[in-house]
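**Student:** Build me a structure from this.
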Amino acid sequence: MSSTSATARKALSKIACNRLQKELVEWQLNPPSGFKHKVTDNLQRWVVEVNGAQGTLYTNETFQLQVDFPEHYPMEAPQVVFLNPAPLHPHIYSNGHICLDILYDSWSPAITVSSICISILSMLSSSTVKQRPEDNDRYVKNCRNGRSPKETRWWFHDDKV
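**Tutor:** Below you'll find the model as predicted:
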């Protein structure tokens, strides 16, 4: 287990528990279109099913996101990765890591799981090609031994995909 994984396993703070319970209730009442929360008894790890939007490269495809919440959520961003198989996309690595600024440098406590999901679906929907990032093999090789995407210094330079 990497140091980040060990840190993520710390018990949620009272603030984090309250926020996640509130988000879960809101999700159940008004789920974002194209997503389904797979119910478990673990508030700290959500698995979310993502359906590709109609009329996009991902029409009729289904993927799963794993969302791990840190002890101090929402002051700290959750770790969000695609479970295998990750979609072929210029900003999604074959190990499921996602290059999306709101998950890292542009995180705000105002962002919810629903808004993360909508941003990811928007990113998928706007893609014009199904391919891995150019540096996929090198990046994935460097991530062996369980390195978290939150340990990566991302370079957000391509907003066209």
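
**Student:** what about the longest helix in the protein?
**Tutor:** In terms of residue count, the longest helix belonging to the chain (DSSP state H) is helix 14-29.

**Student:** and the spatially most central residue of the chain, backbone torsions?
**Tutor:** Taking CA atoms, centre = their mean as the criterion, residue 80 is the residue nearest the geometric centre of the chain, at 2.7 Å. When read as degrees, to the nearest 10, the backbone of residue 80 gives phi -120, psi 120.

**Student:** That one and residue 59: what is the separation?
**Tutor:** With distances taken as CB to CB, to the nearest Å, residue 80 is found 23 Å from residue 59. Where you see a C-beta, it was placed from the backbone N, CA and C, and this is true even at glycine.

**Student:** Are there helices or strands packed against the longest helix of the chain, and which ones?
**Tutor:** Judged by 3 or more CB pairs under 8 Å, 6 or more residues apart in numbering; DSSP states H and E, the packing partners of helix 14-29 are strand 35-38, helix 113-125.

**Student:** list the buried ones in the helix or strand containing residue 139?
**Tutor:** For residue 139, the enclosing helix or strand under DSSP states H and E is helix 136-142. By neighbour count with 16 or more other CB atoms under 10 Å, helix 136-142 contains the buried residues 136, 139, 140.

**Student:** now, which of these sits nearest residue 104?
**Tutor:** Distances from residue 104 to the buried residues of helix 136-142, taken as CB to CB, are shortest for residue 139 (14.5 Å).

**Student:** Low-confidence ranges, this structure, go.
**Tutor:** Residue ranges of the chain with pLDDT under 70: 1-9, 145-161.

**Student:** circling back to that earlier point, distance of the residue nearest to the centre of the chain relative to residue 54?
**Tutor:** Distance check for residue 80 against residue 54: by CB to CB, it reads 23 Å.

**Student:** same question, residue 126
**Tutor:** As it turns out, when the distance is counted by CB to CB, residue 126 lies 14 Å from residue 54.
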